[in-house]
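[1] Sequence and predicted model, in that order:
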Amino acid sequence: MREKRGYFRVMLIGSEAASHAAVGDAEPLQAVADLKSQYCQRLDAQEWDGWEDLFTEDGVMQIGPSADSAIRGRRAIRRLLATQLRGARTLHQARNPEVRDEGPDHIQVLWEMNDRVSTRLYLLEGAGFYEDKYLRTSEGWKIASVRLHRSKVDLQAKSFLMRAILRMHRNGWLRRLAKSADRTLTEALHVSLPEGQRPN
């Protein structure tokens, strides 16, 4: 079920916008829009208890290029993001939702996204799409999965240490010295889509 047209309202980091989306049941679509708004706001505020609660127990997050990079379980997703964003200032935005599949207890939505992550070591600015799946549970609508498709990523080093890490990553030395750090950097820099192209 794709490309049926209608409107539902979406909160975006302190502002409200009307967005095109498929229409089926306005109430579930609004619930999903509210979920995505809370996802962005609580992530940027690092309200980890409330952010984790937006996911199903077995929620999945895929940031990297393959399904092997997916993190499974909402507690594991929280640990990953809380560790990666410790001390960071962030801004996450989602807009222009396109409902790609809809049933009585599930909705799949593609969102245009932008993010900005600033730390003492680096500034990352990216764009692309969130591909989300939502499920109706006994506790209401929850996020079942989030997949990030990047069409742009710009990482600027703000320190000598970060410049050295990026150089080691490009030369393959970081992979030999610290596989976990190299994998995290590979996933953060991965661009899977040409600019202007949407995920299939």
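    Noted; the coordinates are in hand. Numbers count the residues shown, from 1 in each chain.
[2] quick one, helices of the protein?
    26-45, 48-52, 74-84, 160-171, 173-177, 179-189 (DSSP state H).
[3] Nearest to residue 94, out of these?
    For those, proximity to residue 94 was assessed by CB to CB; helix 26-45 is nearest, at 5.1 Å. For the C-beta atoms, the positions are set from N, CA and C on the backbone; glycine is no exception.
[4] Show me which residues of the closest one are buried.
    28-29, 31-44 (16 or more other CB atoms under 10 Å).
[5] And those residues, which two are furthest apart?
    Using CB to CB, those reach their maximum pairwise distance at 28 and 44, which is 25.0 Å.
[6] Which secondary structure element of this protein has the lowest mean pLDDT?
    strand 15-21 (a mean of 37; mean pLDDT, DSSP states H and E).
[7] need the helices of the chain in JSON lines with mean pLDDT, can you?
    JSON lines is the format used below for the helices of the chain (pLDDT from 0 to 100):
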{"stretch": "helix 26-45", "mean pLDDT": "91"}
{"stretch": "helix 48-52", "mean pLDDT": "97"}
{"stretch": "helix 74-84", "mean pLDDT": "94"}
{"stretch": "helix 160-171", "mean pLDDT": "92"}
{"stretch": "helix 173-177", "mean pLDDT": "88"}
{"stretch": "helix 179-189", "mean pLDDT": "84"}
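[8] which one of those lies closest to residue 122?
    Going by CB to CB, the one of those nearest residue 122 is helix 160-171, 4.9 Å.
[9] Which other helices and strands does the closest one contact?
    strand 140-157, helix 173-177, helix 179-189 (3 or more CB pairs under 8 Å, 6 or more residues apart in numbering; DSSP states H and E).
[10] make it 10 Å
    With contacts defined as 3 or more CB pairs under 10 Å, 6 or more residues apart in numbering; DSSP states H and E, the packing partners of helix 160-171 are strand 122-137, strand 140-157, helix 173-177, helix 179-189.
[11] Helix 26-45 and the first one, what's the angle between them?
    In terms of direction (axes from the mean of the first three to the mean of the last three CA atoms, to 10 degrees), strand 122-137 departs from helix 26-45 by 150 degrees.
[12] circling back to that earlier point, minimum distance to residue 99: which of the helices of the chain has it?
    Here helix 26-45 is closest among the helices of the chain (CB to CB), at 7.1 Å.
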